[in-house]
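Visitor: Fold the following.
(one chain, ligands or ions: 1)
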Amino acid sequence: MQRTGRVFVAGGDTLAGAALLDLLPAEGFANLIGVGADEPDLTDALAVNSFFAAERPEYVFLVGGPSGGIGLNRSRPADLMLANLQVVTNVLDAAHRHGVEKLLYLASSCAYPREAPQPLRAESLGTGPLEPTSAPYATAKLAGAVLCDAFRRQYGCRFVTGFPANPFGPGDDFGADSGHVIPALIRRAHEAKECGDSALTVWGTGAPQREFLFSRDLASACLFAMRHYDGDAPLNLGGGSVLSIAAAARVVADVVGFRGRLAFDSSKPDGAPLKALDSSGLLALGWTPATPFRTAVEETYHWFLHHATEGAAHAGSTV
Ligand code: GFB
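Guide: Below you'll find the predicted structure:
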């Protein structure tokens, strides 16, 4: 991947996209196109095609499409599925038509079957039913991965798919009902501390386990995969901490300085019992995550204190 190449981050306003737009210039990639207001509406096929025709991107990170936590997946399943299908079909079609050199598509670990053997390996994709709370979104992400593979087979396109661990970080969606667990708990713990509440509400039983990945490390994994991976099989992007939700909530409470107890609300869904990725392929190529979980929570809380308390954060971060 040439540092002078024309690079398009499709979905620059998402969690992963924002982290990539920070990382790429720092790594010497100065030729970024379609940034900010110049990015086309990815759900609009004509706009996407016109953009690719005019700007001729050589490398594309496809990290766009709305996403959210288990709450948003339950309240807006159709919106999430439709927009993600539109984004992936529009961008892959345009990338093929206009001769993109290489494309990395970011899928989601919820596209693995709910009961697949752990840690999750690419061979398990498509072998069983999905976790019901996120099945529509996950189906769109799985379709995107299959479409990348189809373009590889039929046209020899260098489209690769990455399946990330659960990401969080600065610029996340901190909505208490829409966000993923870490940003949602950061907001709730902060508000509980400010109000002097005795308990912090945590959805579900606290028993499910998730593999978390700081968004800056996810961006680094995406860039690494773009440079060093060209296989047919999807690549898992993880290798970080696997924690129970209860343990993750305790770290959040500690970082925020909330001294009360955790109250588990079992009327809310747990979702998948465990999602841990087998990232041995990525690790064998030489990449490792750099940021310990607690450090990542501290940086994210710092960002929240300086930004999200003043107004709304991103309405929909990716994956
Ligand atoms: O982050 P989250 O929504 O991701 O939830 P998923 C992870 C776990 O945290 C679940 C619990 O067991 C939740 O019940 N949890 C506890 C909370 N408190 C909260 C809270 O305040 N907010 C949230 N959101 N969860 C998503 C999928 O599932 O993972 C998406 O729905 C996407 O489609 C994403 O794939 C990576 O891992 O359960």
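Visitor: Strands of the stretch 201-319 of the chain, residue ranges please.
Guide: 209-214, 235-237, 241-244, 261-265, 274-275 (DSSP state E, counting those that start in this stretch).
Visitor: What residues of the third one count as buried?
Guide: Using 16 or more other Cβ atoms under 10 Å as the test for burial, strand 241-244 gives Ser241, Val242, Leu243. To be clear about C-beta, it is placed using only N, CA and C from the backbone, and glycine gets the same treatment.
Visitor: Could you list the residues in contact with it?
Guide: Outside strand 241-244, the residues that touch it by Cβ atoms under 8 Å, 6 or more residues apart in numbering are Gly206, Ala207, Pro208, Gln209, Arg210, Glu211, Phe212, Val251, Ala276, Pro292, Phe293.
Visitor: Same list, the buried residues of strand 241-244, but as JSON lines with pLDDT and distance to the ligand please.
Guide: Formatted as JSON lines, these follow (pLDDT from 0 to 100; distance: Cβ to the nearest ligand atom, whole Å):
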{"residue": "Ser241", "pLDDT": "84", "distance to the ligand": "14"}
{"residue": "Val242", "pLDDT": "96", "distance to the ligand": "12"}
{"residue": "Leu243", "pLDDT": "97", "distance to the ligand": "10"}
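Visitor: Check these against Ala272 and report the nearest one.
Guide: Nearest to Ala272 among the buried residues of strand 241-244: Val242, at 12.7 Å, using Cβ to Cβ.
Visitor: and the contacts of strand 241-244 near the ligand, which?
Guide: Among the contacts of strand 241-244, the residues lying close to the ligand (Cβ under 6 Å from any ligand atom) are Pro208, Arg210.
Visitor: Buried members of the contacts of strand 241-244 into PyMOL, please.
Guide: To isolate the buried ones among the contacts of strand 241-244 in PyMOL, judged by 16+ other Cβ under 10 Å, type:
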select buried, resi 206+208+209+210+211+212+251+276+293
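Visitor: if you go through the stretch 201-319 of the chain in chain order, where are the helices?
Guide: Taking DSSP state H, counting those that start in this stretch as the criterion, the stretch 201-319 of the chain carries its helices at 215-228, 245-256, 280-285, 293-303.
Visitor: packing partners for the third one?
Guide: Other elements packing on helix 280-285 under the criterion 3 or more Cβ pairs under 8 Å, 6 or more residues apart in numbering; DSSP states H and E are helix 215-228, strand 235-237.
Visitor: next one: the last one
Guide: Packed against helix 293-303 by the contact rule (3+ Cβ pairs under 8 Å, 6+ apart) you find helix 181-195, strand 209-214, helix 245-256.
Visitor: Kindly recompute the last result at 6 Å.
Guide: helix 245-256 (3 or more Cβ pairs under 6 Å, 6 or more residues apart in numbering; DSSP states H and E).
Visitor: quick one: the helix it packs on to chain centroid distance?
Guide: Centroid separation between helix 245-256 and its chain, computed with Cα atoms, centre = their mean, to the nearest Å, is 21 Å.
Visitor: That'll do, ta.
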